[in-house]
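Student: Could you work out the structure for the sequence below:
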Amino acid sequence: MLGSDIELMPGEKMILASNPHWFYFWKQVAAAAGIIGLLLLLTAVDASWADTFLGWVIWAAVIVLVIDVIFEFFQWKTTRFAITDQRVAYQSGMFRRRGVSIPLNRINNVNFDQSLIGRMTNNGVVTIESAGETGDSVFENIPDPENVRTLIFAQVEADEQRDSDRDAAALAKAMQDRVPPPPGASAKSPQQRLADLDDLKAQGLVNDAEYATKRQQILDEL
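Tutor: Coordinates of the predicted model:
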């Protein structure tokens with residue numbers, strides 16, 4: 001549907017969604033200001049200019065400008081930039097749609113750039129460096145680009161924390177399932193748990209950081 005938000009995947013949460021900054025229309029505004037200024041100047045010099053060839057040319061320019069403004073408005077309306085708890089997404093196009101979706105776990109860095117005018121209007125360019133063949137993704141006319149950069153980094157950190165929590169849960173389950181105690185048997189001793197942990201590491205089921213953290217937890221119980 002025209003102007004609709006980017007569709008979310010099951011379980012995905014929208015963090016930020018916006019159209020381009022109003023500076024997107026600066027060319028149309030400049031053209032309109034130029035035409036209005038020319039009309040005022042010609043009227044002040046000679047009120048009969050409208051019946052001349054120059055008058056017809058100016059009116060034709062006005063019509064072209066109006067058509068261009070309408071077209072660009074629909075282009076603006078159908079362009080969306082979004083941050084979710086799983087990815088950064090962008091889509092645009094009124095008739096032919098195009099888009100990009102960057103998973104949070106593939107984002108390496110986020111930069112923003114603002115010119116002097118961009119700082120005055122709070123508008124800028126956001127560049128996302130990600131792993132993969134596509135390289136950097138550049139998004140122009142982003143409102144409040146510094147805040148956008150902060151939000152992306154926050155979601156990347158939250159995504160990493162969720163991955164860490166899932167890994168910890170998987171590790172705990174693996175350790176519980178490794179050697180299930182017989183019915184009526186008491187819980188394993190810390191020494192047995194350390195031996196099981198060593199086995200998991202030897203099989204490559206845990207990395208060095210996970211091994212060190214879990215080993216310290218078991219030693220603290222001694």
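Student: Look at R96 and say how many residues are nearby.
Tutor: Other residues within reach of R96, judged by other C-beta atoms under 10 Å, total 6. Quick note: C-beta positions are derived from backbone N, CA and C, even for glycine.
Student: what sits against it?
Tutor: Taking C-beta atoms under 8 Å, 6 or more residues apart in numbering as the definition of contact, R96 has no neighbours.
Student: My guess is F23 contacts R119. True?
Tutor: No. With the criterion set as C-beta atoms under 8 Å, F23 and R119 do not qualify as a contacting pair; they are 11.7 Å apart.
Student: of these two, who's got more company?
Tutor: Between F23 and R119, counted using other C-beta under 10 Å, F23 has the larger neighbour count: 17 against 11.
Student: Tell me which residues of stretch 140-152 come out buried.
Tutor: Taking 16 or more other C-beta atoms under 10 Å as the neighbour-count basis, stretch 140-152 is seen to contain the buried residues E140, N141, I142, P143, D144, P145, V148, R149, L151, I152.
Student: returning to that earlier point: list residues touching both of F23 and R119?
Tutor: Counting by C-beta under 8 Å, 6+ apart, F23 and R119 have no common neighbour.
Student: so V126 makes contact with D136?
Tutor: No. With the criterion set as C-beta under 8 Å, V126 and D136 do not qualify as a contacting pair; they are 10.6 Å apart.
Student: Have a look at those two and say which one is more surrounded.
Tutor: Remark: of V126 and D136, V126 carries more neighbours, 22 against 11, as counted by other C-beta under 10 Å.
Student: list the buried ones in whatever helix or strand the more buried one lives in?
Tutor: Using DSSP states H and E, V126 sits in strand 123-130. By neighbour count, with 16+ other C-beta under 10 Å as the criterion, the buried positions of strand 123-130 are N123, G124, V125, V126, T127, I128, S130.
Student: Not counting it itself, show me its contacts.
Tutor: 21, 23, 88, 102, 106-115, 117-118, 135-143, 145-146, 148-149, 152.
Student: Doesn't G135 belong to a strand?
Tutor: No. Residue state for G135 (DSSP: H, G, I helix; E, B strand; the rest coil) corresponds to coil; a strand is not indicated.
Student: In contact with it, which residues?
Tutor: Contacts of G135 were listed using C-beta under 8 Å, 6+ apart, and they are E129.
Student: To which secondary structure element is the residue nearest the centre of the chain assigned?
Tutor: What sits nearest the mean C-alpha location of the chain, by C-alpha atoms, centre = their mean, is V88, with 2.8 Å. V88 belongs to strand 87-92 when elements are defined using DSSP H and E.
Student: And that strand, how far out from the chain middle?
Tutor: What separates the centre of strand 87-92 from the centre of its chain is 6 Å, taken as C-alpha atoms, centre = their mean, to the nearest Å.
Student: Likewise for stretch 81-97?
Tutor: 8 Å.
Student: Mind listing what's buried along that stretch?
Tutor: Of the residues in stretch 81-97, those scored as buried under the neighbour-count criterion (16+ other C-beta under 10 Å) are F81, A82, I83, T84, D85, Q86, R87, V88, A89, Y90, Q91, S92.
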